[in-house]
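Colleague: Everything below, folded, please.
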Amino acid sequence: MKAARSNTKDGLEKTRMAVMRKVSFLHRKDTIEEEDDAGYLDVVISDVTHPPPQLSAMPEGLTSHQVVRRHILGSIIQSERSYLESLRRILQEYHRPLLEADPRILSPRKIRPIFYRVREITHCHSMFQIALASRVAEWDSCEKIGDLFVASFSKSMVLDVYSDYVNNFTNAMALIKKACLSKPAFLEFLKKKQASSLDRITLYGLMVKPIQRFPQFILLLQDMLKNTPKGHVDRLPLQLALTELETLAEKLNEQKRVADQIAETQQLARSVSDRLLSKQLNLEQGSLVQCETLIETVYGERGQVLKSKERKVFLFDDVLICANINLFSSSPTRGSPDISSLVPVGPKYTMKWSAPLQQVQVAEVGQETCQGKDAVFQQNASKRQRKSILGPPRLYQELQELQHDLCVVEDVTLLVGTLEGTYQNLNTTVAQDWCLALQRLIRIKEEQIQSANKCRLRLQLPGRPDKSGRPVSFMVVFNTPNPLSKISWVNRLHLAKIAQREENSPGWLYEEHEGKPTAPFWCPLLACHMPVFATKSPERKLEAAIHNPVHCALLGFSAASTSLPQGFLWVAAGGEEASQGQIEIFSLNRPVPRAVKSLQVGSAVRCLEYVPEASPTEEAEAAPHKGNAASICVGLDDGRILVYGSVDTAAQCLVTLSNPRGCPVLCLKHSPCFLFAGLRDGTLMVYGRKSGEDLWDPDSSRSVNLGSDPVRTLLVLDDSVWASCRNLVMVVDICSLNTQTLEAHPDPAVSVAHVARAGGGVWMAFSEGSSIRLFHTETLELLQEINISTRSTLLNTGQATMRVTSLLICQGLLWVGTAQGLIVTLPVPKLEGIPKITGKGRISLNGHSGPVDFLAAITSTLSPDLLKRDSVADGPDSACGGEDPSDTSSQESLQHPGDGRAAGGGGRGGVLLRYKLRSTSGLPGRPLTAAAADEASDSSLESLEHSVEDGSIYELSDDPETWVRGRPSEKDGRAKDRVVSAAVVSGGRGFRRLREGARTAGEPSENVLLVWQLPLTV
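Modeller: Numbering: from 1, shown residues only. Next up is the predicted model:
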């Protein structure tokens, strides 16, 4: 009792143990049966009564899809057999011998948590194997496997046992590590078991397999779905199975992430000498954003590496911590066994420094000028005052000197060309050699800067003030394992700062997750809110927005990782009372959009559609025509469709389409060969392309009469287009224009107002009511119905009913905008399955004062292969937020893969470093990119040279905000591994900050954009 009065954790633990020693029924039972703990029965399944699945011989006359599906089924059988064998090995070779060992190696009290839930997982998969054997036996007659996965792994029992196993995995490995160090007999037991096994796999290698199981299932089912033709009886079950498995895998991955995060944070907290910080780390264990082992490098005056050492860097939601890795604590010492080959041994840390996140800045090579004028760099404080930059920034200074010399030699070359006489060693040929030599040196220096920037993370951190009280900063340089790691760090640092803003603290309201920590950036972050138009106009109403993805030629990768997805945002306004329409174009190449152009059209704008540049596959399918350049289609209230060039500096209208009756165009969608327009009178207009050109042909229009009611929405699928009239959806075949009717709502007075598609499903919202419905794209079957108003009960909005006004699916979230200005997100799968709602909804605490007029997704991609092959040095527009307008020497552009004028004539796509020149095309003699046989041996250097057109890019503007000639982003399917930047934009009247039970209203008459930024997916 004396220990209990001390009111400490140790005191309470001593009291509890003392009570257990004296009270018999409280004693721990070492022989407790695991199956009694959670109500699971241990069922023995014999291979004699239930033989494993065996695929019969392949019959003759099978199609290619059937043959491939049989091979994939064989892979599923073999994979499941191997997995089940591994689970049984854990129980038979480790668990049972440890329990039956005499003398005891470990007590049952320690054995039980190590193998927690392995028996139950084995039982689940034993039952699945029995069902799989039955299905395999009748495969040739039914060819159906998806429903078996749904029935076997959608049960709550499967999620429960796997969740318990994953949550306990980190603790189990810690127990194994501790037992190896304290029990030599246990260590010897593990070594003998590993040595006696044929594959020599360790206990850890066996126990990690349940964590990897569901991703393996997903890959196999994805292959099965790709080889299952439309109309097959197994197609919908496979899509549903993918949905269930992805949901299950996401939950397990999140639980594993949280468990690992807590373990890392606890390990770090033990090394922190600052009690306040240590307490904060223990209390906020769910606030770890990112941690990684990086190499800290110290450079000398000449740029040479003086020393380098591994550091563990932890990014929390409000602080950045760097720790030394204590390798001696994890490596064997004299008298201690080496267990690293049997179980992962985590290192111990010693905190080196910590810095508040708001005071941490990212600086690229050559960007020290962007820091505050009052800041003093510690490393330069004791140096002589001279014009030099030490370490890696010296490369940037040398590049500037070379570029200055090139400009001088360029002028000299022009002057030499005006000489009247002939002089030895002073002629145009010699001057051209000077230019070529300097340009070659510039390319070599650029390559050195690329190497310095692509994997080098330079952080400016706050130090102690100097004697005069001025703030002092010091620079820390980390080398990241690869360019993607650096981009990820820059992006997470940027978003962590945004998350600390008032509008994101908190930014969303959701049902409590039973006290469990949530992932950092678990919801989109409000990056900014801004007015759409410079002047207020009550009659203007926002109608639509579209993203025009154009890679900026002047934007560096670090800047791209902090800015919004690259390109331009077109926002259109109209309204019933508006006599004219207006389109505002915003540049997205910065963290905050910036208006760059305004277009006035003669009628109210109703809709927008972005038509990307056709991929090579689409060009082969379509009629041969040149270019297929990207364009923006604008539907007007007077029946016209204006087609604008998407990357034209003047945003010129290229062609105008019209319909015979001048009926308002309510919606626009496109396929590779056709443009579809839904009209108010119930007509669907279909326009083809001009022969041999990339523009739509006004004379090729065809019409399909779908009724007398307006065509409010369009959705283009692979070979059909869905058009909604009232409560009906007409499925129109693109080739034959034959129609099929789907009743989306039982009430004829209710119209389908909004649609959003993902995978094999389409969500629909209606003109009345708060319900949304999910339909299968192939069978037209109703799969799910959700009432949005039940989610809004978390907020006291004072509204009895809700009405959906916009719908969007982006990055695994279904966004729903309402007439009350609220925005709700619901989780949906990201894969090719069915986008069913799989979790609880969240409501944004930032909304509009009026209805949400539109929701638009903006995304851009960058292939990691391009990063690895042609890394890029960032220009002045960098993540540190500074800008030096006079310095444009290090820029970048995205070279189109199919451009025959690619640098060096090699035709290889990639991101190439550009630099500011007046234009190499102005120099006398042939361009640097001219192909010559005598230069074939120097292909590595020539690959970075620029064409005549490349030089003209930089004469348009030095500001990434203005229109520059660039290349549209590639189609998403061209690379498996991609860096994806995504954001969501909502438009409506006013901005308001909502609170639980209260709300603050903004200016309701002003049209406002809200921009949510999502984490970069690497």
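
Colleague: In contact with residue 113, which residues?
Modeller: By CB atoms under 8 Å, 6 or more residues apart in numbering, the residues touching residue 113 are 168, 171, 172, 175. From N, CA and C alone the C-beta is placed, and that goes for glycine too.

Colleague: Select the longest helix from the protein.
Modeller: Ordering each helix of the chain by length in residues (DSSP state H) puts helix 235-271 first.

Colleague: Which SSE is immediately downstream of that helix?
Modeller: Downstream of helix 235-271, the first helix or strand assigned by DSSP states H and E is helix 275-283.

Colleague: in its sheet, what does the next helix or strand after that next one sit against?
Modeller: Following helix 275-283 in sequence order, the next helix or strand is strand 288-299 (DSSP H and E). Strand 288-299 has the following sheet partners, assigned by DSSP bridges: strand 305-316 (antiparallel), strand 472-479 (antiparallel).

Colleague: From the contact counts, what lies against the longest helix of the chain?
Modeller: With contacts taken as 3 or more CB pairs under 8 Å, 6 or more residues apart in numbering; DSSP states H and E, helix 235-271 sits against helix 146-153, helix 156-182, helix 209-226, helix 275-283, strand 288-299, strand 305-316, strand 319-326, strand 348-356.

Colleague: ranking those by mean pLDDT, which is last?
Modeller: With a mean of 75, helix 275-283 has the lowest mean pLDDT of those.

Colleague: relative to strand 348-356, how tilted is it?
Modeller: Relative orientation of helix 275-283 versus strand 348-356 (axes from the mean of the first three to the mean of the last three CA atoms, to 10 degrees): 100 degrees.

Colleague: quick one: contacts of helix 275-283?
Modeller: Contact with helix 275-283 is made by 265, 266, 268, 269, 270, 272, 316, 319, 354, as judged by CB under 8 Å, 6+ apart.

Colleague: picking that back up, looking at the contacts of residue 113, which has the most residues close by?
Modeller: Ranked by the number of neighbours (other CB atoms under 10 Å), those place residue 172 first, at 20 neighbours.

Colleague: Okay, that residue and residue 94: tell me how far apart.
Modeller: 12 Å (CB to CB, to the nearest Å).

Colleague: anything in contact with each of the two?
Modeller: Common neighbours of residue 172 and residue 94, using CB under 8 Å, 6+ apart, are residue 115.

Colleague: thinking again about what came up before, for the strands paired with strand 288-299, which one ends up most surrounded?
Modeller: Compared across the strands paired with strand 288-299, strand 472-479 shows the largest average neighbour count, a mean of 19 (mean count of other CB atoms under 10 Å).

Colleague: model confidence over that one, on average?
Modeller: When pLDDT is averaged over strand 472-479, the result is 86.

Colleague: how distant is it from the center of its chain?
Modeller: 28 Å (CA atoms, centre = their mean, to the nearest Å).

Colleague: Tell me the helix or strand right after that strand.
Modeller: Once the chain leaves strand 472-479, the next helix or strand it forms, by DSSP H and E, is helix 483-499.

Colleague: Can you work out which other helices and strands pack against that following helix?
Modeller: By 3+ CB pairs under 8 Å, 6+ apart, helix 483-499 packs against strand 288-299, strand 305-316, strand 456-462, strand 525-531, helix 557-562, helix 864-869.

Colleague: show me the contacts for residue 782.
Modeller: 773, 774, 775.

Colleague: For the last one, what are phi and psi?
Modeller: Torsion angles at residue 775 (phi, psi; degrees, to the nearest 10) stand at phi -120, psi 150.

Colleague: Can you tell me the closest non-neighbouring residue to it?
Modeller: residue 762 (5.2 Å; CB to CB, 6 or more residues apart in numbering).

Colleague: Share the number of residues neighbouring that neighbour, please.
Modeller: By other CB under 10 Å, neighbour count at residue 762 equals 24.

Colleague: so where does it fall, helix or strand?
Modeller: strand 761-766.

Colleague: could you give the angle of that strand to helix 235-271?
Modeller: Counting by the same axes, to 10 degrees, strand 761-766 lies at 90 degrees to helix 235-271.

Colleague: Could you list the paired strands of strand 761-766 along with their orientation?
Modeller: Taking DSSP bridges as the criterion, strand 761-766 forms sheet pairs with strand 752-758 (antiparallel), strand 771-776 (antiparallel).

Colleague: So for that strand, mean pLDDT?
Modeller: Averaging pLDDT residue by residue across strand 761-766 gives 93.

Colleague: need the contact list for residue 751.
Modeller: 709, 710, 712, 724, 725, 726, 727, 766, 767.

Colleague: Looking at the contacts of residue 113, which is nearest residue 363?
Modeller: residue 171 (41.0 Å; CB to CB).

Colleague: nearest spatial neighbour of that closest one, skipping sequence neighbours?
Modeller: residue 113 (6.5 Å).

Colleague: Measure how far the one helix or strand the one you found maps to is from the centre of its chain, please.
Modeller: Using DSSP H and E, residue 113 sits within helix 108-114. Helix 108-114 has its C-alpha centroid displaced from the chain centroid by 40 Å (CA atoms, centre = their mean).

Colleague: Likewise for stretch 727-744?
Modeller: Relative to the mean C-alpha coordinate of its chain, stretch 727-744 is positioned 34 Å out (CA atoms, centre = their mean).

Colleague: what's the answer for stretch 278-289, then?
Modeller: Relative to its chain's centre, stretch 278-289 lies at 25 Å (CA atoms, centre = their mean).

Colleague: quick one: terminal-to-terminal distance for that stretch?
Modeller: One end of stretch 278-289 sits 17 Å from the other (CA to CA, to the nearest Å).

Colleague: quick one: low-confidence parts of the stretch 551-700 of the chain?
Modeller: In the predicted model, the stretch 551-700 of the chain carries pLDDT under 70 at residues 551-560, 575-578, 615-628, 647-650, 692.

Colleague: in it, which spans are helices?
Modeller: Ranges of helices within the stretch 551-700 of the chain are 557-562, 616-621, based on DSSP state H, counting those that start in this stretch.

Colleague: what does the stretch 751-900 of the chain give?
Modeller: Going by DSSP H, counting those that start in this stretch, the stretch 751-900 of the chain shows helices at 789-792, 864-869.

Colleague: what's the least confident stretch among those helices?
Modeller: Among the helices of the stretch 751-900 of the chain, helix 864-869 scores lowest, at a mean of 50.

Colleague: Stretch 824-842 spans what distance, first to last residue?
Modeller: 6 Å.

Colleague: what's the spacing between that stretch and its chain's center?
Modeller: Distance of stretch 824-842 from its chain centroid, counting by CA atoms, centre = their mean, is 16 Å.

Colleague: For it, buried residues please.
Modeller: Residues 824-838, 841-842 are the ones in stretch 824-842 that count as buried (16 or more other CB atoms under 10 Å).

Colleague: Let me see the mean pLDDT of it.
Modeller: Rounded mean pLDDT across stretch 824-842 is 87.

Colleague: got a list of contacts for it?
Modeller: The contact list for stretch 824-842 (CB under 8 Å, 6+ apart) reads 218, 222, 225, 236, 239-243, 246-247, 508-511, 523-524, 758-761, 763, 774, 776, 783-784, 786, 788, 791-792, 809, 811-816, 818, 843-844.

Colleague: picking up where we left off before, show residues contacting the strand holding residue 762.
Modeller: Contacts of strand 761-766 (CB under 8 Å, 6+ apart): 715, 722, 724, 727, 729, 744-745, 750-757, 772-777, 783, 804, 806-807, 809, 814, 816, 834-836.

Colleague: again, only this time at 6 Å
Modeller: The contact list for strand 761-766 (CB atoms under 6 Å, 6 or more residues apart in numbering) reads 744-745, 750, 752-756, 772-775, 777, 804, 807, 834-835.

Colleague: And that strand, how far out from the chain middle?
Modeller: 24 Å.

Colleague: residues touching residue 635, list them.
Modeller: 606, 607, 641, 665, 668 are the contacts of residue 635 under CB under 6 Å, 6+ apart.

Colleague: how near is the first one to residue 678?
Modeller: The one in question is residue 606. When residue 606 is compared with residue 678 (using CB to CB), they lie 10 Å apart.

Colleague: Mutual contacts of those two, please.
Modeller: Common neighbours of residue 606 and residue 678 (CB under 6 Å, 6+ apart) are residue 666.
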